[in-house]
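Enquirer: sequence plus the predicted model coming up.
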Amino acid sequence: MQLVDLNPEDSHVIELFSEIDRLMNSLYPVASAQSLELPELKQPNVHGIGLMNDDGIVACGAIVKQFDNTLYGELKRLYVKPSYRGKGLSRRIMQTLLHYAGEAQIPLMRLETGSKQTEAINLYESLGFSRCERFGLYRDNSLSVFMELPLNS
């Protein structure tokens, strides 16, 4: 499997983001969606990566550099296609993104996930993330789980 940068004009990326949106819309009200949009992948504060094989991009994730009283990286769009789950790909994407955050001197990682995504929450906790208060522009939402991980400088 090859690590690739996410290009918003790549048909594999467009297909994958559509798949993620369909899943999120099946789990949560559309009004609560706060996903990274395709055009945002071109922004200088966004670093998106994917794992690609002969089937296309089968896993992805991104960091968005944010500032809200402190610099932090927000994890977005962590996803693995269903037929590739259970193979450690989400952990591989996360470890790659966390390494990038360290290299980019991002002192804190944050994320918002849904309360129905227990496997994702378990992964984040296994990587050292802990629950925290809402951050940034997020509103209070009983379906949201907010987590953060301070990174060593």
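Expert: Structure's in. What do you need?
Enquirer: CA only for contacts and neighbour counts going forward, please
Expert: Noted.
Enquirer: tell me where the chain has strands.
Expert: 2-5, 46-53, 56-67, 71-80, 108-114, 130-131, 144-150 (DSSP state E).
Enquirer: can you lay out the ones you listed as a markdown table showing distance to residue 89, mean neighbour count and mean pLDDT?
Expert: As requested, the strands of the chain are exported to a markdown table (distance: least, CA to CA, whole Å; neighbours: other CA atoms under 10 Å; pLDDT from 0 to 100):
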| stretch | distance to residue 89 | mean neighbour count | mean pLDDT |
| --- | --- | --- | --- |
| strand 2-5 | 11 | 13 | 96 |
| strand 46-53 | 8 | 21 | 96 |
| strand 56-67 | 7 | 21 | 94 |
| strand 71-80 | 7 | 22 | 94 |
| strand 108-114 | 18 | 21 | 93 |
| strand 130-131 | 21 | 16 | 96 |
| strand 144-150 | 20 | 20 | 94 |
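Enquirer: among those strands, single out whichever gets nearest to residue 21.
Expert: Nearest of these to residue 21, taken as CA to CA: strand 71-80 at 9.6 Å.
Enquirer: pull the residues that contact the closest one.
Expert: If you take CA atoms under 8 Å, 6 or more residues apart in numbering as the criterion, strand 71-80 is touched by 20, 35-36, 58-66, 89-90, 93-94, 101, 106-112.
Enquirer: got the buried residues for the longest helix out of those in the chain?
Expert: Selection of the longest helix in the chain by residue count, based on DSSP state H, yields helix 11-27. By neighbour count, and taking 16 or more other CA atoms under 10 Å as the criterion, the buried residues in helix 11-27 are 12-13, 16-17, 20-21, 24.
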